[in-house]
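Trainee: Task: produce atomic coordinates for the following.
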Amino acid sequence: MMRKLITFTALALAVGTSAYAQAPAPAATYPTKPIRLIVPFPPGGGTDILSRLVATRLTESAKWTVVADNKAGAGGTIGIGEAVKAAPTGYDIVMGQKDNLVIGPWLYKNLPWDPTKDLTAVAHVAWTPVIIATSVNSKYKTLADVVAAAKAAPGTITYGSPGNGTSIHLAGDLFEKAAGIKLSHIPYKGSNPALMDALAGNVDLLVSSVPSAMGQIKSGKLRPLAVTSAKRSSSLPEVPTVAESGFKDFDVSTWYGVLAPAGTPAAVVNTLNAEINKLLATADMKAAIQAQGAEPEAMSAAQFGTLLKTDYAKWKSIVEASGAKIE
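Mentor: Residues are numbered from 1 along each chain as shown. Model (predicted):
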């Protein structure tokens, strides 16, 4: 009997040791190699700017190696798709935003992923209003000028956006409806090409995220007419809101946050969330984000997940009402 007990104990210890050896490394050892932060838009736009801020500052503060990797196309859905297919280890994460997470799935037919099921919310980073702006050489000095001209000649005023069906395009569409006017939308492949054409006068207006336009506003080459959020941007306090310009309760903003493939261990998600939130709490990072025209805002992973699910449901009807659809 004693011999059987000893044999059973030895076998149990052997199995336990083997299982321990094969188990994933504990979160305390994460990360042990570089982390890729997928950026689903081209260089120069708001998502790219914030992604590189996060990657650079995490590398400095947490002593991790975080590398931003642009994977642009199809309104940001290509980059999100690459993150969805990545191994759920925490070494491939993505900077998502309202455009590609809660609008893209309703815009693109047969998109092979669901952001609420195939991704794990990690950390909210910032939000920003959309800005309506024009070249400093434009004849439009105020939003009221644009509305008056559009009513006098419907469809003749053009505006550029980062792409068809983006939250920025839909902000323009919602503004048209609120003002009772008709503008002509010119979609571009990203914020920067739209910005360049607005500066050159090839389109009358630019509808953009504030981070994408901030540099040219500061340089005096771009004239901001209004922001679309309920309150003024702390980065551009002199610029009125659309609501203040006569369109009561108008409120459209976009948000940015880090996500990982579904199935990423909770301990890894919590480690990433803690480090990003620690970074967002620093005066230096707050100032850097606000300098780009965005508003830093930390959340728990669960809070960010709730925001994602709520907006995903909300924006379905907005996309359908806009008539924007990409097959």
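
Trainee: Do I have it right that L101 meets T310?
Mentor: No. With contact defined as Cβ atoms under 8 Å, L101 does not reach T310; the gap is 11.8 Å. Where you see a C-beta, it was placed from the backbone N, CA and C, and this is true even at glycine.

Trainee: neighbour-wise, which of the two wins?
Mentor: L101 (26 against 11; other Cβ atoms under 10 Å).

Trainee: Am I right that that one falls within a helix?
Mentor: Yes. Under DSSP: H, G, I helix; E, B strand; the rest coil, L101 sits within a helix.

Trainee: how close does it sit to I132?
Mentor: The spacing between L101 and I132, counted by Cβ to Cβ, to the nearest Å, is 23 Å.

Trainee: cool, V67 as well?
Mentor: V67 is 34 Å from I132, by Cβ to Cβ.

Trainee: Extract the residue ranges of the stretch 201-327 of the chain that are flagged as low pLDDT.
Mentor: Where the stretch 201-327 of the chain drops to pLDDT under 70, the residues are 324-327.

Trainee: Would you map the helices across it?
Mentor: Shown for the stretch 201-327 of the chain, the helices assigned by DSSP state H, counting those that start in this stretch span residues 210-218, 266-280, 283-291, 301-322.

Trainee: Format the ones you listed as JSON lines; extra columns: distance to A152.
Mentor: Formatted as JSON lines, these follow (distance: least, Cβ to Cβ, whole Å):
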{"stretch": "helix 210-218", "distance to A152": "27"}
{"stretch": "helix 266-280", "distance to A152": "46"}
{"stretch": "helix 283-291", "distance to A152": "38"}
{"stretch": "helix 301-322", "distance to A152": "24"}
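
Trainee: Which one's more surrounded, V67 and I132?
Mentor: Neighbours per residue, other Cβ under 10 Å: of V67 and I132, the larger number sits with I132, 26 against 11.

Trainee: following the helix or strand where that one lies, which helix or strand comes up?
Mentor: For I132, the host element (DSSP states H and E) is strand 119-135. Per DSSP H and E, the first helix or strand lying C-terminal to strand 119-135 is helix 143-152.

Trainee: Export only the CA atoms of that next one, formatted as PDB.
Mentor: Coordinates of each C-alpha in helix 143-152 appear next as PDB, following Å, rounded to 0.1, in the frame of the first residue of the first chain:
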ATOM      1  CA  LEU A 143     -20.000  78.700 -40.400                       C
ATOM      2  CA  ALA A 144     -22.900  81.100 -41.100                       C
ATOM      3  CA  ASP A 145     -21.200  82.100 -44.300                       C
ATOM      4  CA  VAL A 146     -21.000  78.500 -45.400                       C
ATOM      5  CA  VAL A 147     -24.700  77.900 -44.600                       C
ATOM      6  CA  ALA A 148     -25.800  81.100 -46.400                       C
ATOM      7  CA  ALA A 149     -23.800  80.200 -49.500                       C
ATOM      8  CA  ALA A 150     -25.000  76.600 -49.500                       C
ATOM      9  CA  LYS A 151     -28.600  77.700 -49.300                       C
ATOM     10  CA  ALA A 152     -28.100  80.100 -52.200                       C
END
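
Trainee: residues in contact with the helix or strand just after it?
Mentor: Counting by DSSP H and E, the element after helix 143-152 in chain order, helix or strand, is strand 158-161. Here strand 158-161 makes contact (Cβ atoms under 8 Å, 6 or more residues apart in numbering) with 132, 168-169, 172, 183-188, 193-195, 197-198, 203-208.

Trainee: List buried members of those residues by neighbour count.
Mentor: Buried by 16 or more other Cβ atoms under 10 Å: 132, 168-169, 172, 183, 185-188, 193-195, 197-198, 203-208, out of the contacts of strand 158-161.

Trainee: helix or strand for P42, which one?
Mentor: Using DSSP H and E, no helix or strand contains P42.

Trainee: Buried residues in stretch 145-165, which are they?
Mentor: Buried residues in stretch 145-165 (16+ other Cβ under 10 Å): 146-147, 149-150, 157, 159-165.

Trainee: mind checking how far it is from the chain centre?
Mentor: On the basis of Cα atoms, centre = their mean, to the nearest Å, stretch 145-165 sits 25 Å off its chain's mean C-alpha point.

Trainee: how long is that stretch from one end to the other?
Mentor: Across stretch 145-165, the terminal residues are separated by 26 Å (Cα to Cα, to the nearest Å).

Trainee: Now do that stretch, average pLDDT.
Mentor: Computed over stretch 145-165, the mean pLDDT rounds to 94.

Trainee: that older thread, which neighbours do L101 and T310 share?
Mentor: Joint contacts of L101 and T310 (Cβ under 8 Å, 6+ apart) do not exist.
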